[in-house]
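Enquirer: From the sequence below, what's the structure:
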Amino acid sequence: MYFDWTYLFFVLPGMIFALIASAGVDSTFAKYSKQLSSKGITGAQAARFVLDKNGLQNIHIEQISGKLTDHYDPRANVIRLSSEVYNSTSTASIGVACHEVGHAIQHAVGYTPIKIRTAIVPITNIGSKLAVPLILIGIICSSLGEFFVWMAYIGLIAFSLTVIFQLVTLPTEFNASSRALATIRDNGLLDGNELKGAKKVLSAAAMTYVAALAVALGQLLRLIIIVSRHTDRD
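Expert: Residues are numbered from 1 along each chain as shown. As a prediction, this is how the structure comes out:
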């Protein structure tokens, strides 16, 4: 039986990290969903307040289904909040809602990492679809000539776009959380321990993006080894 040691050493640790990070988000959000804001404002109201405070009255807020499906859509100028974030007065919900507002502010002020991430989305999507087929064809047909060897390496380059995307995502997400927490604090939306609750939720969420980068980087390293092993043979 063939033992794929590259998966064990390069991909599995990242996958375990991702599972732990995902579980951490769920448990942290559940915990601070029970910590209610003394101001009694909902996630939607907090988001609206921060948007208006930053002169972004043109951005609308919509309620959507799903759990933690919250996101900002720059094409439609809409912040979409899941039901439990939209309607809840918890510190967790306010933190998540204001985080999405942070992304809207990033777009408004031309924050460089989010501009880069938005610009590379199309080629990243294409690269992620072509990478594995190119690598497989290149490896299988490598003995037929240099063209197929280059095809495998082009596949690696295509896959590396995923890593670059995840890398650029990190400062984007951390900055959105920083903006959210600063606005919440400066405008007194949450007090003392309430603010700490929101910060813990956003910190837990940030770890999922670190984990995503770890998984993508591990997969890239694994593919580099596999391609090198199969194409460098004389």
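
Enquirer: which strand residues sit across from residue 60 in the sheet?
Expert: Here residue 60 sits in beta bridges with residue 78, going by DSSP bridges.

Enquirer: separation between it and residue 76?
Expert: According to Cβ to Cβ, to the nearest Å, residue 60 and residue 76 sit 8 Å apart. From N, CA and C alone the C-beta is placed, and that goes for glycine too.

Enquirer: Can you name the residues that contact the residue nearest the centre of the chain?
Expert: Centroid-nearest residue in the chain: residue 209, 4.7 Å away (criterion: Cα atoms, centre = their mean). Neighbour list for residue 209: 166, 169, 170, 173 [criterion: Cβ atoms under 8 Å, 6 or more residues apart in numbering].

Enquirer: Now that we have those residues, which of them are buried?
Expert: 166, 169, 173 (16 or more other Cβ atoms under 10 Å).

Enquirer: how much space between the closest residue to the last one other than its chain neighbours and residue 142?
Expert: Put plainly, it is residue 173. In this structure, residue 173 finds its nearest non-sequential neighbour in residue 209, 4.9 Å apart by Cβ to Cβ, 6 or more residues apart in numbering. Using Cβ to Cβ, residue 209 is found at 35 Å from residue 142.

Enquirer: give me every residue that touches residue 111.
Expert: Per Cβ under 8 Å, 6+ apart, neighbours of residue 111: 105, 172, 175.

Enquirer: does the second one sit in a helix or strand, and which one?
Expert: Taking DSSP states H and E as the criterion, residue 172 maps to helix 146-186.

Enquirer: For burial, what's the neighbour tally of the closest residue to residue 230 other than its chain neighbours?
Expert: Residue nearest to residue 230 in three dimensions, not counting chain neighbours: residue 139, with 4.5 Å by Cβ to Cβ, 6+ apart. By other Cβ atoms under 10 Å, the residues close to residue 139 number 20.

Enquirer: Do I have it right that residue 139 meets residue 225?
Expert: No: counting by Cβ atoms under 8 Å, no contact exists between residue 139 and residue 225, whose distance comes to 11.9 Å.

Enquirer: Which parts of the chain are strands?
Expert: Remark: strands assigned in the chain by DSSP state E are 60-64, 71-73, 78-82.

Enquirer: Report how many residues lie close to the nearest residue to residue 72 once chain neighbours are set aside.
Expert: Nearest residue to residue 72 in three dimensions, chain neighbours excluded: residue 103, at 4.1 Å (Cβ to Cβ, 6+ apart). Other residues near residue 103 come to 22 when the count uses other Cβ under 10 Å.

Enquirer: Now do the same for residue 103: its pLDDT.
Expert: Model confidence at residue 103, expressed as pLDDT, equals 95.

Enquirer: just residue 3 next, same as before
Expert: Model confidence at residue 3 (pLDDT) stands at 59.

Enquirer: And for residue 26?
Expert: Confidence score, pLDDT, at residue 26: 93.

Enquirer: Could you report the separation of it from residue 194?
Expert: Relative to residue 194, and taking Cβ to Cβ, residue 26 is found at 20 Å.

Enquirer: Residue 57 now?
Expert: Look at residue 57 and residue 194: by Cβ to Cβ, they are 26 Å apart.

Enquirer: who has more neighbours, those two?
Expert: Set residue 57 next to residue 194 and count neighbours by other Cβ under 10 Å: residue 194 wins out with 21 against 9.
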